[in-house]
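Asks: Provide a 3D model corresponding to the input given below.
(one chain, ligands or ions: 3)
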Amino acid sequence: MTRLRLLILGAGAGGGVPQWNCRCRVCTLAWANDGRVIPRTQSSIAVSLDGENWLLVNAAPEILEQIKGNPQLHPRAQPDGSRRHSPITSALLTNGDIDHVAGLLSLRESQPFHLYATEEIHGILRSNRVFDVLAEGVVERRAVTLDTPLEPLPGLQVRVFPVPGKTALYMETPDMEIGAVGQATVGVEFLSDHGSLYYIPGCAKMSEDLAARLQGAAAVLFDGTLWEDDEMITAGVGTKTGHRMGHLSISGPEGSMAAFKGLDVGRKVFVHINNPTPVLIEGSEERQAVEDAGWEVAYDGMEIRL
Ligand code: MLT
Ligand code: MN
Ligand code: ZN
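Replies: Ligands and ions are numbered 1, 2, ... in the order given. As a prediction, the model looks like this:
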């Protein structure tokens with residue numbers, strides 16, 4: 001019987017909570033150690049079947065802190081006395097964003113693992129020579145074909161699929177399409193005997209295809225970047241809408257809460273939550289609203305078993 005263990009390493013979006021240079025309402029509470037806001041590192045999860053071998057999905061800048069905080073990911077003593085080991089034997093990327101790839105640079109110490117991503121994301125890494133620190137012959141880069149079964153750990157059945165998104169911020173071009181469906185932004189389905197668990201940390205909109213795919217899921221970890229589209233602007237911390245950043249909002253008629261209303265999904269969890277989002281404040285109206293709608297707000301160290 002296949003049982004899945006999923007560990008949320010970082011529940012925050014790009015920047016984390018608090019963000020190094022931010023005094024938005026949420027970050028101000030976090031800087032003050034106010035118990036209503038739990039700090040969150042940037043976006044990453046780890047998945048395992050046996051608790052010994054782990055697949056890292058996205059590599060956040062705080063990867064070392066995340067490994068330290070989760071004993072499951074600590075190096076184990078080896079019977080042959082060798083001094084180097086990691087339970088992380090594979091990594092998979094859902095897009096090329098800094099919050100999802102920068103941690104790769106800290107996984108360089110000649111430790112073999114398999115790195116899975118679409119050809120497009122591999123191309124971005126190849127064109128940034130700093131990622132060559134993941135030396136060829138040590139880290140094996142494997143291209144993922146969309147909607148094709150993949151086994152990144154022995155026995156772990158995974159399917160990677162396209163979701164509406166956009167290219168990474170540092171790869172933007174004037175003619176790029178926001179909401180494009182292709183290799184730039186993907187979701188991951190983990191299959192188990194108890195149903196499917198989906199991880200979709202970035203999504204520009206709920207398409208009909210995506211809704212049909214998620215129907216009947218045992219659990220969905222979904223893009224919780226913003227409460228509302230103009231949140232960065234009204235919080236006084238930016239000029240971009242959520243749409244422009246390639247993220248749908250939680251609230252509103254086009255938002256994720258509305259989109260999931262008609263779907264039969266066992267467990268709904270917001271991940272990749274940007275720091276100005278008021279759902280991060282325990283006791284806030286917005287937190288209450290998402291909980292009333294049956295959603296959980298992820299935190300670092302949260303574990304989901306299926
Ligand atoms: C995003 O999810 O929109 C990105 O992480 C933004 C960024 O790279 O800062
Ligand atoms: Mn991000
Ligand atoms: Zn902030």
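Asks: Against which helices or strands is the strand or helix carrying residue 67 packed?
Replies: For residue 67, the host element (DSSP states H and E) is helix 63-69. Using 3 or more C-beta pairs under 8 Å, 6 or more residues apart in numbering; DSSP states H and E, the elements in contact with helix 63-69 are strand 5-10. From N, CA and C alone the C-beta is placed, and that goes for glycine too.
Asks: Any buried residues in the helix or strand following the strand it packs on, and which?
Replies: Note on strand 5-10: by DSSP H and E, the next helix or strand toward the C-terminus is helix 25-31. Going by neighbour count (16 or more other C-beta atoms under 10 Å), the buried part of helix 25-31 is 25, 26, 27, 29, 30.
Asks: and of those residues, the nearest to residue 214?
Replies: Closest to residue 214 out of the buried residues of helix 25-31 is residue 26 (27.9 Å), distances taken as C-beta to C-beta.
Asks: so how far is residue 273 from the closest one?
Replies: Distance, residue 26 to residue 273, by C-beta to C-beta, to the nearest Å: 9 Å.
Asks: Need the residues touching each of the two.
Replies: Residues touching both residue 26 and residue 273 comprise 17, 280, with contact defined as C-beta atoms under 8 Å, 6 or more residues apart in numbering.
Asks: which residues of this structure score low on pLDDT?
Replies: 1-2 (pLDDT under 70).
Asks: Contact residues of it facing ligand 2?
Replies: 13, 14, 97, 99 (C-beta under 5 Å from the ion).
Asks: Most widely separated two among these?
Replies: Of all pairs drawn from these, the one with the longest distance (C-beta to C-beta) is 13 and 97, at 9.1 Å.
Asks: which residues does residue 242 contact?
Replies: Remark: with contacts taken as C-beta under 8 Å, 6+ apart, residue 242 is in contact with 225, 226, 228, 229, 230, 231, 232, 248, 249.
Asks: Adding secondary structure, write the residues you listed out as TSV.
Replies: Formatted as TSV, the entries for these read as follows, by DSSP: H, G, I helix; E, B strand; the rest coil:
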residue	secondary structure
225	coil
226	strand
228	coil
229	coil
230	coil
231	helix
232	helix
248	coil
249	strand
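Asks: which of those residues are buried?
Replies: When neighbours are counted using 16+ other C-beta under 10 Å, the contacts of residue 242 contain these buried positions: 225, 226, 228, 229, 231, 232, 248, 249.
Asks: ok, those vs ligand 2, which is closest?
Replies: The nearest member of the buried ones among the contacts of residue 242 to ligand 2, counting by C-beta to the ion, is residue 225 at 7.2 Å.
Asks: pretty sure the closest one contacts residue 276?
Replies: No. In terms of C-beta atoms under 8 Å, residue 225 does not count as a neighbour of residue 276; the distance is 9.9 Å.
Asks: that older thread, nearest to ligand 3, of the residues of the chain next to ligand 2?
Replies: Taking C-beta to the ion as the measure, residue 13 is the one of the residues of the chain next to ligand 2 closest to ligand 3, at 10.5 Å.
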